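Q: I would like the atomic coordinates for the input below:
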Amino acid sequence: MSERLAHALRRAAHEHAASAQAQPAADPADLRLNLAGLLKLHGDSSTAVVLMLMALLTVVPIAGTGSVLSLGIVAMAWAWARGHDTVDLPSRLGALSLNERWSGRCLHGLAWMYEQANHWLRPRWSLWSHGVTRWGWGVWIALMAAVIFLPLPLGNVLPSLSLILLSLGWMFRDGVALAASALAGLAALAYTASLAHLLVQLMDGARGWLPL
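A: Residues are numbered from 1 along each chain as shown. The predicted structure is shown next:
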């Protein structure tokens with residue numbers, strides 16, 4: 001499955017680049033890819049695939065994307081915890097589009113990701129992907145969504161990585177990838193806590209300079 005997807009995404013990336021070169025004066029909107037289009041390329045609307053795509057797009061430098069997608073990720077967390085294997089993507093989220101440059105980068109990035117997954121991931125450590133863990137992973141997804149929602153410098157990177165590893169680990173039933181997801185998420189929580197502590201210290205310092 002991952003090898004087929006990698007080939008399909010790589011082909012789509014080359015076609016996208018060829019279209020951009022052949023029609024330099026074309027409407028940029030014609031070269032944009034949206035979330036619904038990415039899902040269509042997968043040919044799969046499983047909860048894991050939708051979560052992975054949404055997590056990937058949270059690190060794209062488009063103002064407000066992380067905050068909007070984090071709300072959608074919370075919905076994914078609810079669906080995950082309730083054991084839903086497929087979800088219907090809301091039309092507003094599906095219409096979320098990337099610009100021409102990031103459309104190509106996203107296609108190449110997804111192709112590379114699936115190529116690496118096909119090479120490294122395999123079923124192991126089955127307890128991590130057992131059905132009884134779904135509720136716990138649902139809570140974890142919601143927690144990562146909360147971190148993504150916060151306006152922190154580079155704050156989306158680690159929680160997004162955690163959710164991508166979670167999605168791939170669940171698709172391949174690879175407990176090592178799921179464990180790596182937990183480690184990345186813990187690092188995200190530690191980073192958030194350290195920034196919060198720094199902010200408190202700065203506020204305390206500023207209070208000392210203010211007249212009483």
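Q: wait, what's in contact with the closest residue in space to residue 96 that isn't next to it in sequence?
A: Spatial nearest neighbour of residue 96, chain neighbours left out: residue 35 (4.9 Å); criterion: C-beta to C-beta, 6 or more residues apart in numbering. Heads up, the C-betas are built off the backbone N, CA and C, glycines and all. Contact partners of residue 35, counting by C-beta atoms under 8 Å, 6 or more residues apart in numbering, are 53, 54, 57, 89, 93, 94, 95, 96, 97.
Q: in helices, which of those fall?
A: 53, 54, 57, 93, 94 (DSSP state H).
Q: re the thing from before, select only the buried ones of the contacts of residue 35 in ChimeraX?
A: Selection command for ChimeraX covering only the buried members of these, criterion 16 or more other C-beta atoms under 10 Å:
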select :53,54,57,89,93,94,96,97
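Q: low pLDDT regions in the chain?
A: Within the chain, the stretches with pLDDT under 70 are 1-2, 16, 20-31, 44-45, 61-64, 207-212.
Q: do a quick rundown of the helices in it.
A: Counting by DSSP H, the helices of the chain are 2-22, 35-42, 47-57, 65-81, 91-94, 100-120, 134-149, 157-172, 175-209.
Q: of all the ones you listed, which lies closest to residue 127?
A: Residue 127 lies closest, by C-beta to C-beta, to one member of the helices of the chain: helix 175-209, at 6.6 Å.
Q: what's around residue 33, how many residues?
A: Neighbour count of residue 33, defined by other C-beta atoms under 10 Å: 21.
Q: pretty sure it contacts residue 97?
A: Yes. Using C-beta atoms under 8 Å, residue 33 makes contact with residue 97 at a distance of 6.6 Å.
Q: what do these two both touch?
A: Counting by C-beta under 8 Å, 6+ apart, the shared contacts of residue 33 and residue 97 are residue 103.
Q: how close does residue 55 get to residue 191?
A: As judged by C-beta to C-beta, to the nearest Å, residue 55 and residue 191 stand 16 Å apart.
Q: between these two, who's got more neighbours?
A: Remark: of residue 55 and residue 191, residue 55 carries more neighbours, 27 against 18, as counted by other C-beta under 10 Å.
Q: can you pull the contacts of that one?
A: Residue 55 is in contact with 69, 73, 144, 159, 160, 163, 164, 167, counting by C-beta under 8 Å, 6+ apart.
Q: the spatially most central residue of the chain and residue 203, how far apart?
A: Computing the C-alpha centroid of the chain and ranking residues by C-alpha atoms, centre = their mean puts residue 55 first, at 1.2 Å. Remark: distance between residue 55 and residue 203 (C-beta to C-beta) = 31 Å.
Q: ok, now residue 146?
A: 22 Å.
Q: more neighbours: these two, which one.
A: Using other C-beta under 10 Å, the more surrounded residue of residue 146 and residue 203 is residue 146, with 16 against 9.
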